[in-house]
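>>> Okay, structure incoming, though there's no sequence with it:
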């Protein structure tokens with residue numbers, strides 16, 4: 001199935017894993033100060049678990065379980081954006097990848113919301 005630009009859609013399993021790896025790389029570059037560590041560990045945890053939730057959804061035994069796992073991924077993505085915002089707005093940490101990560105979070109959320117809606121709308 002091709003998108004409107006004639007390209008094959010990227011596998012979400014690959015895309016969410018690539019996102020998790022970008023989170024890990026960003027985490028390793030954050031300052032190791034005590035006040036930053038609390039937020040950065042939460043950032044690492046939520047940013048890497050979104051892909052795990054997506055993978056769990058792929059193994060769902062029902063539409064309800066599928067939607068539940070995807071909604072878990074949405075929560076983790078939103079939480080990741082929150083931690084990025086706190087790190088930046090507190091001025092305790094800066095990292096050049098932040099805007100790219102926030103953009104990818106928005107895109108992943110948009111894709112997953114569409115999948116959830118289509119799944120819920122099925123007869």
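Received the coordinates, thanks. All values reported here derive from a predicted model rather than from experimental measurement.
>>> Pull up the gap between the residue nearest in space to the middle of the chain and residue 35, please.
The residue lying closest to the centre of the chain (C-alpha atoms, centre = their mean) is residue 77, at 3.9 Å. For residue 77, the distance to residue 35 equals 24 Å [C-beta to C-beta, to the nearest Å]. All C-beta spots, glycine's among them, are computed from the backbone N, C-alpha and C.
>>> ok, back up a step: secondary structure element for the residue nearest to the centre of the chain?
helix 63-89 (DSSP states H and E).
>>> Quick one: mean pLDDT over that helix.
The average pLDDT for helix 63-89 rounds to 97.
>>> and the angle for the helix or strand just after that helix with helix 63-89?
The first helix or strand that comes after helix 63-89 along the chain, using DSSP H and E, is helix 98-121. Going by axes from the mean of the first three to the mean of the last three C-alpha atoms, to 10 degrees, helix 98-121 is angled at 160 degrees with respect to helix 63-89.
>>> Just the pLDDT at the nearest residue to residue 76 once chain neighbours are set aside, thanks.
Of all residues not flanking residue 76 in the chain, residue 50 sits nearest, at 4.1 Å (C-beta to C-beta, 6 or more residues apart in numbering). At residue 50, the model reports a pLDDT of 96.
>>> Assess the claim that residue 50 and residue 73 are in contact.
Yes: Residue 50 lies in contact with residue 73 (C-beta atoms under 8 Å); the separation is 4.8 Å.
>>> Now list whatever residues contact both of those two.
Common contacts of residue 50 and residue 73 (C-beta atoms under 8 Å, 6 or more residues apart in numbering): 16, 108.
>>> How far does the helix holding residue 77 sit from its chain's centre?
6 Å (C-alpha atoms, centre = their mean, to the nearest Å).
>>> Tell me the helices and strands packed up against it.
helix 34-58, helix 98-121 (3 or more C-beta pairs under 8 Å, 6 or more residues apart in numbering; DSSP states H and E).
>>> Figure out which of those is closest to residue 15.
Among the helices and strands packed on helix 63-89, helix 98-121 comes nearest to residue 15, with 7.2 Å by C-beta to C-beta.
>>> where are the low-confidence patches of the chain?
Segments of the chain classed as low confidence (criterion: pLDDT under 70) are 1-10.
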